[in-house]
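Engineer: take this sequence and fold it.
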Amino acid sequence: MAVDKKIPSEEIVNEKASFDQATANLLVKTGLGLSVGIVASALLFKRRMWPVTFFTGAGVGAAYADAQRIFDSVSTLGRPVSANNASSTESKNAA
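Structural biologist: Residues are numbered from 1 along each chain as shown. Predicted structure coming up:
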């Protein structure tokens, strides 16, 4: 029976990778929001500033939501339930 033990340095590398992924998401989604806002402002809204601000904010908000999912995996929807959680839920429901 092999036991997977995590080395502390692996946890640091995984955490750094998560931070890098969240930062990359922030840059990409903010850039896309800014681009969509500029195009919408130029073509549809007579060069007003609010579409640029709105779509940039939407990009930042989407990146923030993704970062929450990356760093807090407990709140991820569709996560499989482990056997321990299922048995404790059943015992609570029976009582």
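Engineer: CA atoms for contacts and neighbours, from now on please.
Structural biologist: Will do.
Engineer: what sits up against stretch 54-62?
Structural biologist: Under the criterion C-alpha atoms under 8 Å, 6 or more residues apart in numbering, residues Leu26, Lys29, Thr30, Gly31, Leu32, Gly33, Leu34, Val36, Gly37 lie in contact with stretch 54-62.
Engineer: dump those residues to a markdown table, plus neighbour count, distance to Arg48 and secondary structure.
Structural biologist: A markdown table is the format used below for the contacts of stretch 54-62 (neighbours: other C-alpha atoms under 10 Å; distance: C-alpha to C-alpha, whole Å; DSSP: H, G, I helix; E, B strand; the rest coil):
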| residue | neighbour count | distance to Arg48 | secondary structure |
| --- | --- | --- | --- |
| Leu26 | 20 | 24 | helix |
| Lys29 | 22 | 21 | helix |
| Thr30 | 21 | 19 | helix |
| Gly31 | 16 | 18 | helix |
| Leu32 | 17 | 18 | helix |
| Gly33 | 23 | 15 | helix |
| Leu34 | 22 | 13 | helix |
| Val36 | 18 | 13 | helix |
| Gly37 | 24 | 10 | helix |
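Engineer: give the burial count for Ala42, as a bare number.
Structural biologist: For Ala42, the neighbour count with other C-alpha atoms under 10 Å is 15.
Engineer: measure Ala58 to Ala17 for me?
Structural biologist: Going from Ala58 to Ala17 by C-alpha to C-alpha, to the nearest Å gives 24 Å.
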